[in-house]
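Asks: Can you look at this prediction? I've put the sequence above it.
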There are 2 protein chains.
Amino acid sequence: MTTATIGGKRIIGVLGGMGPLATVDFMRKVIEATPATKDQEHIPIVVWSVPQIPDRSASIYGKGESPLPMMQDGIRRLEQIGAGCIAIACNTAHYWYEEMRRGSSAKLLHIGETTAEGLVSLGIPRGPVGLIATDATIETKIYQDRLGAHGYDSLVLPKEDTDRLFWPAVRKVKANDTKAAVPLLEEAVERLVAAGATRVVLGCTEVPIGLAEARREIRALCFDATDALALACVAWASAETAGAP
Amino acid sequence: MTTATIGGKRIIGVLGGMGPLATVDFMRKVIEATPATKDQEHIPIVVWSVPQIPDRSASIYGKGESPLPMMQDGIRRLEQIGAGCIAIACNTAHYWYEEMRRGSSAKLLHIGETTAEGLVSLGIPRGPVGLIATDATIETKIYQDRLGAHGYDSLVLPKEDTDRLFWPAVRKVKANDTKAAVPLLEEAVERLVAAGATRVVLGCTEVPIGLAEARREIRALCFDATDALALACVAWASAETAGAP
């Protein structure tokens, strides 16, 4: 199949809106990860930011309708408008990755896979890494299997810390009160490092937003899965521009 | 014509990429302007961010190809994917507004019109308002005619102040040195107020970024045209949700 190009560059699609600020944050990361000295060297991006997609966690726990039909609809529209490679700007949504991939003619990136590849390319030694994510992301092993395939064992917070630190921080970020999230997320990172993690994977799009104003030594311990996904978009666009498959 | 809805909400389209960071800034403003307490209350947005669109100022001055065909292509794709109302996240691109509007079945917002409506709804009295913008935006009267239709006379900087204050400030912002832009832009605002402006319209996407750290009394005199465009998107989406035409 032939994918549309714009000025010789193929188009990245972003399935987003889960939530909307996380999508904006992801777009900024793609822009910042692009080696460009002027507008025209940046990547063409089409974004389908639809916050009406049903709650992913609720559906996994059988408490809400499935988001899959609306996500498949989004992927279809992104392909229709010309996207050749699609990133999903939501960790938990990757629970439906295989169903989305099967129905898609575009390349669909997986945030667990791009994270594992990012840790390897940074030279992070095999062994324990921390993972901060929603219960649903953790329980459905969106990261663990792919990290494990590259030699990384995932350490997660105990349930009581997830409830006390992680969820209140996510709610603060979604309510645009990022400052209130900082101390909660700093403690979450410190607890995983105390448990043996050499690096802490931020596997929920709200977490890097909440940690942006954290102390420098805390931020240095973190690996933002969204950064890795953005870098994978830039790598795909660069390879495509150069004529690679 | 029937426009696609998502969970009862109609879809906003954004023609962007001019430049890419200005598009991200605009999306953030739409999100922040939306009265929402959870994801599902935010507006569905589809963004066509294509930095390959030829330089608008260069084309206006006869030094480059026209951006119009690529902008019309973007509008067509945004409509095809379901957008019922489209905002253009670039001031100078509005030079081609009529051509874009004629070929479009979606409602196409005009940043000069939404700015004038924003000034009216804030209760700014008719009379002189300042306008800080590129030479191309000013010379092609993107703002002046629409402000004038609402009773506002546009005051602009004399050419020597544009060259001494505005352009160096824009270059500082584009080089991520926003601090250096602050005193230049503060002086630009003060000069327009000294000339009689009751409010100063920021009609260039780099200017509000440069003024974000300006003195509070300076910021209180400014009116960010991008904010007004974002508010118009939210108002359209709210009216549509409520069943208005």
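Replies: Structure received. Nothing here was measured: the structure is a model prediction, and the numbers come from that model.

Asks: can you list the residues of chain A near chain B?
Replies: A:6-7, A:9, A:17-21, A:23-24, A:27-28, A:31, A:36, A:39-52, A:55, A:70, A:77, A:80-82, A:174-176 (CB under 8 Å from any CB of the partner chain). In short, each C-beta sits where N, CA and C put it, glycine included.

Asks: Spatially nearest residue to A:M70 (excluding sequence neighbours)?
Replies: A:I53 (4.7 Å; CB to CB, 6 or more residues apart in numbering or on different chains).

Asks: Strands of chain A, residue ranges please.
Replies: A:5-6, A:9-16, A:45-49, A:83-88, A:107-108, A:127-132, A:152-156, A:200-202, A:222-224 (DSSP state E).

Asks: Of the ones you listed, flag the one that's most buried.
Replies: Across the strands of chain A, averaging neighbours per residue (mean count of other CB atoms under 10 Å in any protein chain shown) puts strand A:45-49 on top, at a mean of 29.

Asks: Give me the distance between that strand and the centre of its chain.
Replies: 15 Å (CA atoms, centre = their mean, to the nearest Å).

Asks: partners of that strand, with directions?
Replies: Applying DSSP bridges, strand A:45-49 is found paired with strand A:9-16 (parallel), strand B:45-49 (antiparallel).

Asks: Any chance of those in CSV with distance to B:I138 as columns?
Replies: Formatted as CSV, the strands paired with strand A:45-49 follow (distance: least, CB to CB, whole Å):
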stretch, distance to B:I138
strand A:9-16, 32
strand B:45-49, 26
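
Asks: quick one: least confident helix or strand in chain A?
Replies: strand A:5-6 (a mean of 85; mean pLDDT, DSSP states H and E).

Asks: can you list contacts of it?
Replies: When contacts are defined by CB atoms under 8 Å, 6 or more residues apart in numbering or on different chains, strand A:5-6 is touched by residues A:I11, A:P44, A:G82, B:V50, B:Q52, B:M70.

Asks: Swap in 6 Å and give it another go.
Replies: Applying CB atoms under 6 Å, 6 or more residues apart in numbering or on different chains, the contact partners of strand A:5-6 are A:P44, B:V50, B:Q52.

Asks: which one among those residues gets closest to A:E217?
Replies: A:P44 (37.7 Å; CB to CB).

Asks: hang on, the earlier thing: in helices, which of the contacts of strand A:5-6 fall?
Replies: Among these, no member falls in helices (criterion: DSSP state H).

Asks: tally of neighbours for A:T140?
Replies: A:T140 has 19 neighbours, counted by other CB atoms under 10 Å in any protein chain shown.

Asks: got the contact list for stretch A:106-118?
Replies: Residues outside stretch A:106-118 that contact it (CB under 6 Å, 6+ apart): A:79, A:83-87, A:91, A:94, A:97, A:101, A:142-143, A:146-147, A:150, A:201, A:225, A:228-229, A:232.

Asks: on that earlier part again, roughly how far is the least confident helix or strand of chain A from the heart of the chain?
Replies: 25 Å.

Asks: still on that earlier bit, tell me who's in contact with the residue nearest to A:M70.
Replies: Contacts for A:I53 (CB under 6 Å, 6+ apart) come out as A:M18, A:P67, A:M70.

Asks: measure the second one to A:I53 for me?
Replies: Plainly put, A:P67 is 5 Å away from A:I53 if you go by CB to CB, to the nearest Å.

Asks: From chain B, how far off is A:R215?
Replies: Note on A:R215: its distance to chain B, by CB to the nearest CB, to the nearest Å, is 22 Å.

Asks: Kind regards, and thank you for your time.
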